[in-house]
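**Q** build me a model:
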Amino acid sequence: MDKLSKKQIILDLDVKSKEEAFTQVSIIAKKLGFIKNEKILEKLFLERELEISTGLEEGFSIPHAKGPQILKSGIFFVKYKNNLEWETFDNKGVKFSIFLLISENDYNSNHLKVLSQISMKLVDKEYRQKLSTTNNVDEIIKLLEHTFEEEKEEKNTNDLITICAIVACPAGLAHTYMAKKSLEQAGEELNLNIIVEAHGAMGIENKINNETINNSQGVILATDVGVDLEKRFDGIYNLKSSTKEVIKDSKKVINTLIEDSKNFTKGEIKFDLKQKEVPKGKNKFTRSLNYAKKDVTKHLMTGISYIIPLAIAASVLIGISRLLALATGYNDLWAEFGDKTPQEIWDNQGWLAWLWSLEYMGTKIGLGTLFVPFITGFIAFSIAGKGGLTPGFIVGFICVFREMGFVGGMVGGLTTGYIILLIQKYAIIKGSWSSLTPILFVPVLGTLLGGTITWFAYGYPFYQLNVILRDSLTSLTDSNAGGALVAMIFAGMIAFDLGGPINKAAYGISAGFLAEATQQDLSSFIPNTGVQIAIILPPLGLGISSIIGKWYYSDDLKESGKAAFIMGIVGVSEGAIPFAIKNPIRVTLLNVIGCMVAAAMAITLGSINTVNLSAVYAWGFPIKPHFYILSIMVGLSIIVIGNLFFQKISWHKENQIKFKLYSPIPEITNFGISIQNIFRKKDNKKIKHLSSIQIDLNKKKESIANEK
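**A** Numbering: from 1, shown residues only. A predicted model of the protein is given here:
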C-alpha cells in the first residue's frame, strides 16, 4: 500500500447521506489514479454496504471496496461536516470514515489484514479521540501510517519471557481448548511467549520440547485431571491451577506465575490460586486436608474422564444394534437372546447373531465387565502414573467379581494408587536390581496389597452398600413422582457447572447405575435419562437464544453461540460456558430449571433413555421417543425464552433505553425490515423511510448497471 498523500485526507465533506459520500470519494479516487471509472467504485461501495453495514461506533465507519477494477490499493480519511445517518452499533450515526480500496494484487495479503488493523486500532479510545479531534492533515497521516508500521514489526519471541502451560480437562474437549485459547490471547496482550500443550481427547497436541522448557520461566499446570508429565517440568517453577481459573482470568494466573517464580528454588511447587487464598489462621493439618481433598477430587475426575469414551463407544454399538433390529422387525433382542452369548447363536441366526453381538459388546462388556476396571485402573494411574495401571485394572476386576459397584471401584482405585505411590517413594532398590522395580516389584506389591485390601476389607461392606443403593433407587422410582425426582436431581447437577466436578460426578454415578441396569428393571436407567437431557439443553438453548436475539448479544457471545449450537447438537455441555461466565447466576438458574423440568416431564410421561447418548441423532432410541423429544422441546423453550427476555432487559439497561417487550431491533441489517418493526405502528414512519432508501438504492444500482 502506497504512502498516504494529503489529497487522501478529506476534511469537512459536505454531504447529506452516505451514498453521496461514496460518490464524492469515488470522484476523488479517480482523479488520484486509483480507478478509471468512478461509477464502478461507487457501485462497489454500495454493494458492500448492502451486504452488512460498515458502521462501527463512536461515529466511525470503515467502508471498503475490492475488485480488479481498482488499480492500486489505498486509504482515504473523511471527516464529514454533518453527522450522517448510518447503521452503527450504537445507533449514533457517522462523523468519520476510513475508506479502504483494495486492488486485485492485494486480495489475499492485505485486505483482511488492513481491515483487522484498523478495526483493532479503533477500539483504542485514545486513538479514536486523536483522529476525531484534530484537523491537522499531517497528524492524521502520521496516525494512520503508524497503525500499519506497528503491525509490520514482527515480534522477536527470543526477547520475550517464555511461559509453558499444560491444559487438560476430564472430557478433553471444550474446557481444554478454551483454556488454551485464553492463555494464548493473554500472552499476546501481555507481550509474552506462551507455549500451550493440550492434553485433549485426540491425545497430546503441541508437545513442548526440552529446550523450550529449560528456557522458560515456569509452567502453568491447568489440569483438572491427572496428567503423566514424566517429571519433564521438575527443573522449573510449577503453578498448579485449573482450566476454569484460566478461562475466567488467564492474565491473573500468568501474572501470579511471573511474580512467584522470582523466588523459585528447584523442587518447589506452588499450589493453585484458590489454595493460595486459604486463611493463614488455619492450622497445618487443616491446610493439608484441603490439599488432599483437592488431590482426591482430581484423581476421581481422571477416572471418570477415561470412562467417557468407553461409555460412548458402548452406547453407539447398542444404538446401532437396536436401530437395525427395529428396521428388520425385531423390537426386543433381549427377550429372545438375553441368556445367550453371540457365539451360542452364531451358527443358526446369522444376521441377528451379529446384531446381538453388538448389543452384547455394548451392554455386557463395555458397560458391564470393563466399566469398573476402567475407573479403578485410571484412578490409580492418575495417582501413581503408569505403575498404577496394571494393579488398578486387576483391583477393578476384583470389584466386579465381588459386586462392589461403582463406588467400591473408586475406593479400590484410590487405595491401590496411593499404595503404589508409597512403594515408588520409599521402596528404593539400588544396584543391579533397581531396573526390576517398575516391571516387577511395583506391580506385584501393588496388586498384592491393593487386591488383598479390596477383596477382604472392602468386599463385603461395599457389596452391601451397592445392594442398598440399587434397592433404594428401585423403591424410589416405583412411582412416577419418585422417578421424576431422581431424574431432576441428576439433571440439575449436570446443568449446574457444565463439565465441572458436580457435572462429572453426576455423569459418573449415572454411568455406574447404567452399567448395572437390565432391560427387565428400568429404574437404573432413570438417572441416565436426566443426565442425557441435561447435557444437550444448555448449549442448544443458549446457542438458539443468541441466534434469534443476536441484536442483544455482544459479538463474542454471538460467535460463542454458533459454537454452542453445534456442541449442543452433538451433545457437549461445555458449549454453554462462555454465557455462564458472562452471566453466571442467570444462565445457571435458567439451565437448571429448564433441564429439571424436561427430565421430570420425560419420566412422568414414561420416556426413559436406555443408552448413554445425548446427541440429536440419538433422540429416537429412548422408550417413547416422541415424549422424550417433547420434553426436550419444553426445557429448550424455558432456556431460550428466559435468556432472550433477560438479555433484552440487560441490553436496554446498558443502552439506557426504556424497556419495551416489542421494541425495534437496535440495527436493521441490509436495510431489511424485521418482523418486530412490521408489528410496531409507532415506527411506521421509520419503516417507510427505510423502505424508500431501499427503493432509491435499487434504482441507483439499476442505473449504474445500465450505464455500464
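**Q** packing partners of the helix ranked longest in the chain?
**A** Scanning the chain for the helix with the most residues, using DSSP state H, yields helix 284-327. Packing partners of helix 284-327 (3 or more C-beta pairs under 8 Å, 6 or more residues apart in numbering; DSSP states H and E): helix 273-276, helix 333-337, helix 351-360, helix 371-384, helix 405-426, helix 501-515. C-beta: built from backbone N, CA, C; applies to glycine.
**Q** now it and helix 405-426, what's the angle there?
**A** Helix 284-327 and helix 405-426 are oriented at 130 degrees to each other (axes from the mean of the first three to the mean of the last three C-alpha atoms, to 10 degrees).
**Q** and the pLDDT at D555?
**A** Looking at D555, its pLDDT is 76.
**Q** how about the secondary structure of V225?
**A** The local conformation at V225, judged by DSSP: H, G, I helix; E, B strand; the rest coil, is coil.
**Q** pull the contacting residues for it.
**A** V225 makes contact with 168-170, 298, 301-302, 305, 382 under the criterion C-beta atoms under 8 Å, 6 or more residues apart in numbering.
**Q** skipping adjacent residues, who's closest to it in space?
**A** The shortest distance from V225 to any non-neighbouring residue, by C-beta to C-beta, 6 or more residues apart in numbering, is to T302 (4.0 Å).
**Q** quick one, the helix or strand harbouring A491 and helix 501-515 angle?
**A** Here A491, judged by DSSP states H and E, is contained in helix 480-497. Using the same axes, to 10 degrees, the inter-axis angle of helix 480-497 relative to helix 501-515 is 140 degrees.
**Q** can you list the residues that contact helix 480-497?
**A** Under the contact criterion C-beta under 8 Å, 6+ apart, helix 480-497 has outside partners 473, 475-477, 502-503, 505-507, 509-510, 523, 526-527, 529-531, 533-535, 537-538, 573, 588, 591-592, 594-596, 598-604.
**Q** which of these fall within strands?
**A** Within those, no residue falls in strands by DSSP state E.
**Q** about what we covered before: for the helices and strands packed on helix 284-327, which one ends up most surrounded?
**A** Mean neighbours per residue, mean count of other C-beta atoms under 10 Å, is largest over these for helix 371-384, with a mean of 28.
**Q** which intervals of the stretch 601-708 of the chain have sub-threshold pLDDT?
**A** Where the stretch 601-708 of the chain drops to pLDDT under 70, the residues are 655-708.
**Q** now do the helices in it.
**A** In the stretch 601-708 of the chain, helices defined by DSSP state H, counting those that start in this stretch lie at 625-654, 675-678, 684-707, listed in chain order.
**Q** pull out the buried positions in the first one.
**A** Right, helix 625-654. Neighbour-count burial for helix 625-654, with 16 or more other C-beta atoms under 10 Å as criterion, is recorded at 627-632, 635-636, 638-640, 642-644, 646-648, 651-652.
**Q** hang on, I220 in a strand?
**A** Yes. According to three-state DSSP, I220 belongs to a strand.
**Q** count the neighbours of it for me.
**A** For I220, the neighbour count with other C-beta atoms under 10 Å is 27.
**Q** what sits opposite it in the beta ladder?
**A** I220 forms beta bridges with A165, L239, as assigned by DSSP bridges.
**Q** touching, it and K252? I think so.
**A** No. With contacts defined as C-beta atoms under 8 Å, I220 does not count as touching K252, sitting 11.2 Å away.
**Q** skipping its backbone neighbours, what lies nearest R402 in space?
**A** What sits nearest to R402 in space, not counting adjacent residues and going by C-beta to C-beta, 6+ apart, is G459, at 4.3 Å.
**Q** what's the helix or strand for the one you found?
**A** According to DSSP H and E, G459 maps onto helix 459-476.
**Q** and that helix with helix 405-426, angle?
**A** Interaxial angle of helix 459-476 relative to helix 405-426 (the same axes, to 10 degrees): 150 degrees.
**Q** buried residues, helix 459-476. List them.
**A** Neighbour-count burial for helix 459-476 flags 459, 462-463, 465-466, 469-470, 473 (criterion: 16+ other C-beta under 10 Å).
**Q** and the residues you listed, which is closest to L100?
**A** Minimum distance to L100 across these is 65.0 Å, recorded for L473 (C-beta to C-beta).
**Q** any idea how far N206 is from that closest one?
**A** Counting by C-beta to C-beta, to the nearest Å, the gap from L473 to N206 is 44 Å.
**Q** can you check G59 too?
**A** Distance of G59 to N206, given as C-beta to C-beta: 42 Å.
**Q** neighbour count winner among the two?
**A** Per other C-beta under 10 Å, whichever of G59 and N206 has more neighbours is G59, with 22 against 9.
**Q** surely that one and F96 touch.
**A** Yes. If you go by C-beta under 8 Å, G59 and F96 touch, sitting 5.7 Å apart.
**Q** what do those two both touch?
**A** Residues touching both G59 and F96 (C-beta under 8 Å, 6+ apart): S132.
**Q** mind listing the strands for the stretch 101-250 of the chain?
**A** Ranges of strands in the stretch 101-250 of the chain, per DSSP state E, counting those that start in this stretch, are 162-168, 193-200, 203-205, 218-223, 237-241.
**Q** show the model's pLDDT score for the closest residue to R470 other than its chain neighbours.
**A** Using C-beta to C-beta, 6+ apart and skipping residues adjacent in sequence, the residue nearest R470 is E516, 6.8 Å away. The model reports E516 with a pLDDT of 70.
**Q** could you do the one 10 residues further on as well?
**A** The predicted local confidence for I526 comes out at a pLDDT of 90.
**Q** over to T302?
**A** In this model, T302 is scored at 81, pLDDT.
**Q** please apply the same query to T223.
**A** On the pLDDT scale, T223 is placed at 86.
**Q** list of residues touching the longest strand seen in the chain?
**A** In terms of residue count, the longest strand belonging to the chain (DSSP E) is strand 74-84. If you take C-beta under 8 Å, 6+ apart as the criterion, strand 74-84 is touched by 1-2, 4, 8-18, 21, 25, 28-29, 32, 34, 59, 92-101, 114, 131, 135, 140, 144.
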